[in-house]
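Engineer: My questions are about this predicted structure, shown below with the sequence.
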Amino acid sequence: MNATAPTATIVDPPLGRRASATQVAMIATALVAAALLPLVVTSPSRLNLAILVLMAAQLGVAWNIVGGYAGQISLGHAAFFGVGAYTATILFMNHGVSPWLGIPLGGLVAASIGVIVGWPCFRLKGHYFAMATIAIAEIVQIFFTNWEYAGAAVGLSLPMTQRGWSVMIFNDKASYYWLALGLLVFSLAVNFVIEKSFLGYYFRAIKDEPDAARSLGVGLLVFKQIALFASSFLTALGGGLYAFKELYIDPPSVLSTGLSIKMALAAILGGVGTLFGPLVGGVVLTAIEEGSRSFFGGSGRGTDLILYALIIIGVAIYYPRGIVGWFVERRARRQAKSLRSEVVDVAG
Amino acid sequence: MLRVEAVTKRFSGLVANEDVSFDVGAGQIVGLIGPNGAGKTTLFNCIAGFFPPSSGDIRLDGVRIAGLRPEQCAKAGVGRTFQIARTFTSMTTRQNVMVGALLRDRRVRHARRDADALLDFVGLSKSADRAAGSLTISEQRRLALARALATKPRILLMDEVMAGLNPSEVREAVDVVLRIRERGIACLIVEHVLEGIMPIADRIVVLDDGRKIADGTPAEVSNDPAVIAAYLGD
Amino acid sequence: MPTTDILLQTLLSGILIGLIYALVAIGLTIIFGVMDVVNFSHGEFLMLGMYSSFWLFALFALDPILTLPLTTMILFAFGYALYRLVIRRITDAPMLSQIFTTFGLMILLRGLAQFFWKPDFRSITHSSVEGTLSIGGIQIGMPQFVAGIGAIVVTVAVHQFITRTKTGAALEATASDRDAARLMGIDSQKMFALAWGLGAACAGVAGGLLSTFFPIFPEVGANFILIAFVVVNLGGFGSIAGAFWAGIIVGLVEVFGGLLIGPQYKLAIVLALFLAMLMWRPQGLLGKA
């Protein structure tokens, strides 16, 4: 059994077809609109919501590279997020390293850990791999919970003495919004470049039929590692940004298994292996979380958990290809139908 | 070109192949036949790198390939297809072939060109943009051939390409195999559909119970009493 | 260097908690063995068993040991129903769907428990198994001791069921070759539902036994699910005997690891063992690869 997402008869449009002029125009418009949003939406809480959406989407995009395209279901990605957050924070607090350097460094640290961990883990198949990722992330969380230098269970609070772009700490939300947007666009760009290159083809081959891929010269370990490197790097960047936005990190907030699940879920809800799936997933996920929190009240009665869980189960059973996947499949079925009716016309 | 020398493959107690030796010359079609359980696919898997032989040697143009991993065998020039087509279902027909082509040239544009040429070669150009999973079995088999050919192999191992096909599909498959030989690629074909392989093979190697029991032209082999006994006694 | 007394104490408590782990893991391994599905919500069966014991105690003043059979039946029915309502839709689905369905169930059950029973910690304040036991100078809690004995009894019972009854044989047949079993007239769907019922019942009994000394709260399953995975993997997916011995080993590793390295690292040590097993012997001690 191999850990692949269902991929029966549909094919995702971005791979292979050139983007049409309308598609490019649409994306450009969306980008401009997104960039201008903080000028229109000024309420800090609304803007914060937008930032949460962007961050959730970005984490989904990052996870998607290794989980959606290469088909390696990691349920421990929070380890990379946390390592990114802690690295950037510690470098800043204890060594005065600017986050502009510290956050990418955090990315490299996380990616290196990913490669080291990937080496033995990628040999594992299916659920064994998923469980190994959970175990590793839990170990990382326990490690940080007991590491005094990193604040142990108490966590780390970033000093608010300095503000501004050099330290990436702001009073207003708009600047964080643009950072989050920039990171998301960057992550999407990385994903896009990978998808269009030979890596995109190799990742999909590995996900669909690993043995056939090997028979065509595709070494499984090397390419899974590449996918994981990119994925963990981007995830850690997200962690670094989180640290400088929230100004407080502790093991439960940046290393929990729940967080790992959410990252995977953003991609799965929206559509694994699609470019824009995680965007949709990020929006829906954040909407659910924030929506049920405000609707049912944070009384700790678990209503948001229930709603969340029902959606996860529903998607897993009925829409495993996610929202975007469902659209793509609908279009493919319509195309097939029109093709068939053409044939009937000719024959009849 | 391909030399299989005294290859034995053991799986904790079970001997799947025992002391098998034969050659495949450049541009030859060699059929590998034998009753079920004779060890044909195991031998394939050894040659293609999916497991190392327990003992013996396998050489391609004098270079040892025994024990190499599958992806290394592919780079060395061994192409193979599988009994089940193993099509990449999340990609189109063309994209499937491109995966093979990318081995020799990482540039996607070039891979696309090579893929189109190969699709034309196997007669699947019309389906280039269709989801590969929607092709028929016979089409998926030809796709698998095109995909393997895209890696520019020197020898192509085909595992039961003709099984389960109707007579006209068998003729199509035979046609493709002959055209592959015309390109100078050696073919080692495991086959049960004897009407397909006997007419086109230069030589036939017969396995039974892990051992080679015959090695000769199709005419010689079909008259060999040991071969007849093996098939009748099955 | 810890004293002999402390070592013996640790040894005994390791074995006792290990027996509980074994029982939970046996349920998990039955489900996996029969239908190749990893049940991420297994810890919640334990949680429900604990709450079943608790409510029967709190509302009807029934002793938790007495109500064990009732708890077992409740959880069996629950597992069976869960299969029929939800799980059967994903028996042949891709792994991603299976993982996320059982994961979703995990969250759902925790959320429901939180909703209906509030997140407060509960405990069974008195039962027939209170107090401590003295064995050769070592003190052990009576509830822990009884729980260990109970776990052995249930394990033996399950083992006998699987090996000695016709239904048990049918279950085994489905586990080793679903299609062959079907050809022999064994209804796979019934076997799967049975596996879920049995698996849930095992975890439920473990919960009932635990409820005599362990705090009861909606997330209590989280403590046990990871360890259950480790045990199942160590013992070999699908092997009941394997899960039994592996449970004891893991219990011992946990308490001795905690003693030697530090109690806050107990889980990390067990998980490290897990990772080592995955790398070197993924099929476990007694498992089918």
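Structural biologist: Perfect, I can see it now.
Engineer: so how far is the lengthiest helix in chain C off the chain centroid?
Structural biologist: When chain C is parsed with DSSP state H, its longest helix is helix C:4-35. Chain-centre distance of helix C:4-35: 9 Å, with Cα atoms, centre = their mean, to the nearest Å.
Engineer: in it, what's buried?
Structural biologist: C:9-10, C:12-35 (16 or more other Cβ atoms under 10 Å in any protein chain shown). (C-beta placed from N, C-alpha, C; glycine too.)
Engineer: buried residues in whatever helix or strand comes next after that helix?
Structural biologist: Once helix C:4-35 ends, the next helix or strand along the chain (criterion: DSSP states H and E) is helix C:42-60. By neighbour count on 16+ other Cβ under 10 Å, the buried set for helix C:42-60 is C:42-57.
Engineer: So what's the residue count around the residue in the stretch 1-150 of chain C that chain B sits nearest to?
Structural biologist: Nearest residue of the stretch 1-150 of chain C to chain B, counting by Cβ to the nearest Cβ: C:Pro94, 11.6 Å away. By the criterion of other Cβ atoms under 10 Å in any protein chain shown, C:Pro94 has 19 neighbours.
Engineer: Give me the packing partners of the longest helix of chain C, helices and strands only.
Structural biologist: helix C:42-60, strand C:138-141, helix C:142-164, helix C:166-176, helix C:188-210, helix C:221-235, helix C:240-260 (3 or more Cβ pairs under 8 Å, 6 or more residues apart in numbering or on different chains; DSSP states H and E).
Engineer: Can you name the residues in contact with the shortest one?
Structural biologist: Residues lying outside strand C:138-141 but in contact with it, judged by Cβ atoms under 8 Å, 6 or more residues apart in numbering or on different chains, are C:5, C:8-9, C:12-13, C:16, C:131-133, C:213.
Engineer: List just the nearest of these to C:Phe115.
Structural biologist: Nearest to C:Phe115 among the contacts of strand C:138-141 is C:Phe213, at 26.1 Å by Cβ to Cβ.
Engineer: Make sure that closest one is actually in contact with C:Phe145.
Structural biologist: No - counting by Cβ atoms under 8 Å, C:Phe213 stays clear of C:Phe145, with 10.0 Å between them.
Engineer: B:Ser125: which of the helices and strands packed on helix C:4-35 is closest?
Structural biologist: Here helix C:188-210 is closest among those (Cβ to Cβ), at 43.7 Å.
Engineer: Next one: that closest one, is it in contact with chain A?
Structural biologist: No - using Cβ under 8 Å from any Cβ of the partner chain, helix C:188-210 never reaches chain A; the gap is at least 15.6 Å.
Engineer: hmm, back to that, CSV for the contacts of strand C:138-141, including distance to B:Arg183 and pLDDT?
Structural biologist: Formatted as CSV, the contacts of strand C:138-141 follow (distance: Cβ to Cβ, whole Å; pLDDT from 0 to 100):
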residue, distance to B:Arg183, pLDDT
C:Asp5, 81, 82
C:Leu8, 77, 88
C:Gln9, 77, 87
C:Leu12, 74, 91
C:Ser13, 72, 90
C:Leu16, 71, 93
C:Gly131, 85, 84
C:Thr132, 84, 86
C:Leu133, 82, 83
C:Phe213, 76, 91
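Engineer: Just name the closest of those residues to B:Arg86, please.
Structural biologist: Nearest member of the contacts of strand C:138-141 to B:Arg86, counting by Cβ to Cβ, is C:Leu16, at 50.1 Å.
Engineer: Let me see the contact set for the closest one.
Structural biologist: C:140, C:144-145, C:147-148, C:251.
Engineer: neighbour-wise, which of those residues leads?
Structural biologist: Ranking the contacts of C:Leu16 using other Cβ under 10 Å puts C:Ala147 first, with 27 neighbours.
Engineer: shouldn't that residue be in contact with C:Ala22?
Structural biologist: No - counting by Cβ under 8 Å, C:Ala147 stays clear of C:Ala22, with 11.4 Å between them.
Engineer: and the gap between B:Phe22 and C:Met142?
Structural biologist: B:Phe22 sits 74 Å away from C:Met142, taking Cβ to Cβ, to the nearest Å as the criterion.
Engineer: what's the residue closest to the geometric middle of chain A?
Structural biologist: A:Gly60 (2.0 Å; Cα atoms, centre = their mean).
Engineer: chain center to the helix or strand that residue falls within, what's the gap?
Structural biologist: According to DSSP H and E, A:Gly60 maps onto helix A:44-64. Chain-centre distance of helix A:44-64: 10 Å, with Cα atoms, centre = their mean.
Engineer: Please point out which parts of that helix sit buried.
Structural biologist: Buried-residue list, helix A:44-64, by 16+ other Cβ under 10 Å: A:47, A:49-64.
Engineer: So stretch B:129-144, near chain A or not?
Structural biologist: Yes - Stretch B:129-144 reaches chain A (Cβ under 8 Å from any Cβ) through B:131, B:133-134, B:144.
Engineer: Give me the contact list for that stretch.
Structural biologist: Under Cβ under 8 Å, 6+ apart, the answer for stretch B:129-144 is A:7-11, A:212, A:332, A:336, B:81-82, B:85-89, B:91-97, B:122-124, B:127, B:161, B:164-165, B:169, B:172-173, B:176.
Engineer: Where strands are concerned, which of the residues you listed count?
Structural biologist: Secondary structure assignment (DSSP state E) places none of the contacts of stretch B:129-144 within strands.
Engineer: List only buried entries from these.
Structural biologist: For the contacts of stretch B:129-144, buried by 16+ other Cβ under 10 Å: A:7, A:10-11, A:212, A:332, B:81-82, B:85-89, B:91-97, B:122, B:124, B:127, B:161, B:165, B:169, B:172-173, B:176.
Engineer: give me the subset of those touching chain C.
Structural biologist: Okay, of the buried ones among the contacts of stretch B:129-144, nothing touches chain C (Cβ under 8 Å from any Cβ).
Engineer: In the helix or strand encompassing A:Arg214, which of the residues would be classed as buried?
Structural biologist: Counting by DSSP H and E, the element that carries A:Arg214 is helix A:210-215. Neighbour-count burial for helix A:210-215 flags A:210-215 (criterion: 16+ other Cβ under 10 Å).
Engineer: Same check on stretch A:129-142?
Structural biologist: For stretch A:129-142, by 16+ other Cβ under 10 Å, it's A:129-142.
Engineer: Can you flag which of these belong to helices?
Structural biologist: Short answer: these in helices (DSSP H) are A:129-142.
Engineer: Just read off the phi/psi values of A:Gly219.
Structural biologist: phi -70, psi 120 (degrees, to the nearest 10).
Engineer: Quick one: classify the nearest residue to it once chain neighbours are set aside as helix, strand or coil.
Structural biologist: Distances taken as Cβ to Cβ, 6 or more residues apart in numbering or on different chains put B:Glu71 closest to A:Gly219, at 4.4 Å, once the chain neighbours are dropped. Here B:Glu71 is helix, with the state taken from DSSP: H, G, I helix; E, B strand; the rest coil.
Engineer: Report the contact partners of B:Glu71.
Structural biologist: Contacts of B:Glu71 (Cβ under 8 Å, 6+ apart): A:214-220, B:49.
Engineer: Identify all contacting residues around the helix or strand containing C:Tyr80.
Structural biologist: Using DSSP H and E, C:Tyr80 sits in helix C:68-85. By Cβ under 8 Å, 6+ apart, the list of residues contacting helix C:68-85 from outside reads C:45, C:48-49, C:52-53, C:56, C:105, C:150, C:192-201, C:203-205, C:207-209.
Engineer: gap between C:Met35 and C:Val146?
Structural biologist: For C:Met35, the distance to C:Val146 - Cβ to Cβ - is 33 Å.
Engineer: ok, now C:Ala170?
Structural biologist: For C:Ala170 relative to C:Val146 (Cβ to Cβ), the value is 33 Å.
Engineer: Chain A: helices as residue ranges?
Structural biologist: A:21-40, A:44-64, A:78-95, A:99-121, A:126-145, A:174-196, A:198-208, A:210-215, A:220-246, A:251-254, A:257-270, A:277-296, A:303-318, A:322-347.
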